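Visitor: Structure of the sequence below:
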Amino acid sequence: MGKTLWILFAIAILATALMLHQHTSRQAAAYLHNGGASEALQSNPSRSDGAAKYKANLTIAAAGIDEQHPLQSYKPRPGLAGRGALDEIDVKGVAATAQSVSLARGLLQSGTLSPDERIPMIRILASLHNRENTTGANDDIALDLKVLANDPDKQVAAQAATSYARLDYLPGTEFVLKKALENGALDTDAYFQELAHLVPSAPLDKKREFLAEIRVAGSPIGRDVLVMALNSGEEFNAVSFLKSSEDMAELLRETEPQFGPLVGLGLGDAVRHTEWLRASAAIESHKTGRSMDEVILARLSRPNTDERKVMSFLISPQAGPMLAAATPDSPVQKLVAVAQVYSSQSPQNENMAAMVQAIRAQMKNPPPPLPPVVLMPPTGPAVGPSPAPPGYPMYVAPPRQ
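Guide: You can find the predicted model right below:
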């Protein structure tokens, strides 16, 4: 009997709590509707009435307001101090909520931000736009960015145009970029970089249009963006379209990354050429049915191939399985021997020597190591240059391909 009474008592308590919760929720909603949220947030600090504080807390909870929101307490400040503070907020990330949109738009439209502050604030606003539209304000965000792309301040306009383009393709996005280019907010490289970023999300006819424009311009940065998209292997990056596009194939043929005249291998040049090589091989593989490995080995084994192209691929992660499986006298082992000889020609270059050692360490059957280079002082009479063809001051070896 006592146990039953305790159960009935507990049920009565829960029912009362539920009714109180529903009542206070309705009160909080009505309070918000009548503008009470701002009153609660800005109440007189000297007011110590516990009921008022409790009511304010209910209001904040019902509205989903974060009192600690980084933009809530942000005070505009001129110059790099303000930009640095907003950059830090941007890096940490701002939650995609209606409150965040309201605060970011309010600050951008307040007229109190310096140009230095407006640039990171535009990035923050753009970051709140997502495919799920969790803020319910995607259209407002897009419109604000489109308007700001015409701002008289070129840096502000450039950030807005770039941010607008990165929302994924929207009808007319290309015209926003073109206008920013014409107004001087974007330079040619920035324009083609953003146009290339639009290709994956654009409709098929626009994909073709944008890719053709990039090909005609021969834009290296546009090529790099599309190469990374193709090599990602992800269909949301339009991989099938890029593999089958003759414009893409022609763009790669016309814009192969080149190495500088100095002996040696920079990591940036190595990565750029290897990514280009992989993308080119993917297109050829798609057309011919040959494996990508087979295509890559055939290209690198051509006569007079620049040894730096060989080394660039061999130090890439994609070469690892090929190196591990290489057999004696195989094409892969021969390419490693080419890299060894090239490195030995510059014994003072420790970076290339380390690259060769890293390549060999991945192989079960590396080629025989070269004998150490012994530098000897010259002896005997000086030898003049080789005979030159008619009309040439000295003999010049044929260029590497």
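Visitor: surely G222 meets H197?
Guide: No: taking Cβ atoms under 8 Å as the definition, G222 is not a contact partner of H197, at 9.3 Å. (Glycine included, C-beta is placed from N, CA and C.)
Visitor: which of those two has more neighbours?
Guide: Neighbour totals were compared for G222 and H197, and G222 leads with 27 against 21 (other Cβ atoms under 10 Å).
Visitor: Is that one within a helix or a strand, and which one?
Guide: Here G222, judged by DSSP states H and E, is contained in helix 220-232.
Visitor: list the buried ones in whichever helix or strand comes after that helix?
Guide: Remark: after helix 220-232, the chain's next helix or strand is helix 239-244, criterion DSSP H and E. Under the neighbour-count criterion of 16 or more other Cβ atoms under 10 Å, helix 239-244 has 239, 241-243 buried.
Visitor: do stretch 121-135 as well
Guide: Applying 16+ other Cβ under 10 Å to stretch 121-135 flags 121-129, 134-135 as buried.
Visitor: how close does the nearest residue to A353 once chain neighbours are set aside get to A281?
Guide: Using Cβ to Cβ, 6 or more residues apart in numbering and skipping residues adjacent in sequence, the residue nearest A353 is S343, 5.7 Å away. As judged by Cβ to Cβ, to the nearest Å, S343 and A281 stand 25 Å apart.
Visitor: And G2, what's its pLDDT?
Guide: On pLDDT, G2 comes in at 36.
Visitor: Numbering from 11 from now on, please.
Guide: With the count now opening at 11, the last piece we talked about shows up as G12.
Visitor: Now for L191, how many residues are close by?
Guide: Using other Cβ under 10 Å, the number of residues around L191 comes to 18.
Visitor: Can you give me every residue that contacts it?
Guide: By Cβ atoms under 8 Å, 6 or more residues apart in numbering, L191 lies in contact with 197-198, 201.
Visitor: Top of the residues you listed by number of neighbours, please.
Guide: Neighbour max across the contacts of L191 (other Cβ under 10 Å) = Y201, 25 neighbours.
Visitor: Now for it: which residues touch it?
Guide: Contact analysis of Y201 by Cβ under 8 Å, 6+ apart lists 187-188, 190-191.
Visitor: Please narrow those residues to those residing in helices.
Guide: Judged by DSSP state H, these include 187-188, 190-191 as members of helices.
Visitor: pLDDT score for the nearest residue to L310 once chain neighbours are set aside?
Guide: Nearest-residue entry for L310: V320, 5.3 Å, with adjacent residues in sequence omitted and distances by Cβ to Cβ, 6+ apart. The model reports V320 with a pLDDT of 95.
Visitor: is it true that Q169 touches I132?
Guide: Yes: shown here, Q169 and I132 form a contact pair, counting by Cβ under 8 Å, at 4.8 Å.
Visitor: what is in contact with those two at once?
Guide: Residues touching both Q169 and I132 (Cβ under 8 Å, 6+ apart): L158.
Visitor: circling back: out of the contacts of Y201, which is nearest to P331?
Guide: L187 (40.5 Å; Cβ to Cβ).
Visitor: Surely that closest one touches A175?
Guide: Yes: counting by Cβ under 8 Å, L187 does reach A175; the two are 5.8 Å apart.
Visitor: Spell out which residues are contacts of both of the two.
Guide: What both L187 and A175 touch, as defined by Cβ under 8 Å, 6+ apart, is the set E204.
Visitor: Buried residues in the strand or helix carrying M332, which are they?
Guide: For M332, the host element (DSSP H and E) is helix 330-335. Within helix 330-335, the residues scored as buried using 16+ other Cβ under 10 Å are 332-333.
Visitor: what do you get for stretch 151-158?
Guide: Quick answer for stretch 151-158 (16+ other Cβ under 10 Å): 151-152, 154-156, 158.
Visitor: now those residues as TSV including secondary structure and distance to P341?
Guide: Shown next, in TSV, are the buried residues of stretch 151-158 (DSSP: H, G, I helix; E, B strand; the rest coil; distance: Cβ to Cβ, whole Å):
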residue	secondary structure	distance to P341
I151	helix	53
A152	helix	52
D154	helix	56
L155	helix	51
K156	helix	53
L158	helix	55
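Visitor: could you measure the residue nearest to L310 against M373, distance?
Guide: Per Cβ to Cβ, V320 is found 15 Å from M373.
Visitor: Show me how this structure divides into domains.
Guide: The record assigns the chain these domain ranges, following automatic domain parsing: 29-50+62-75, 86-196, 227-318, 334-378.
Visitor: Mind putting those into TSV with distance to E219?
Guide: Listed next are these as TSV, based on distance: least, Cβ to Cβ, whole Å:
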stretch	distance to E219
domain 29-50+62-75	43
domain 86-196	8
domain 227-318	10
domain 334-378	40
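Visitor: for whichever strand or helix holds the residue nearest to A363, packing partners?
Guide: Counting by DSSP H and E, the element that carries S353 is helix 341-354. Packing partners of helix 341-354 (3 or more Cβ pairs under 8 Å, 6 or more residues apart in numbering; DSSP states H and E): helix 302-310, helix 317-324, helix 330-335, helix 360-371.
Visitor: circling back to that earlier point, relative to E77, which of the contacts of Y201 is nearest.
Guide: A190 (38.0 Å).
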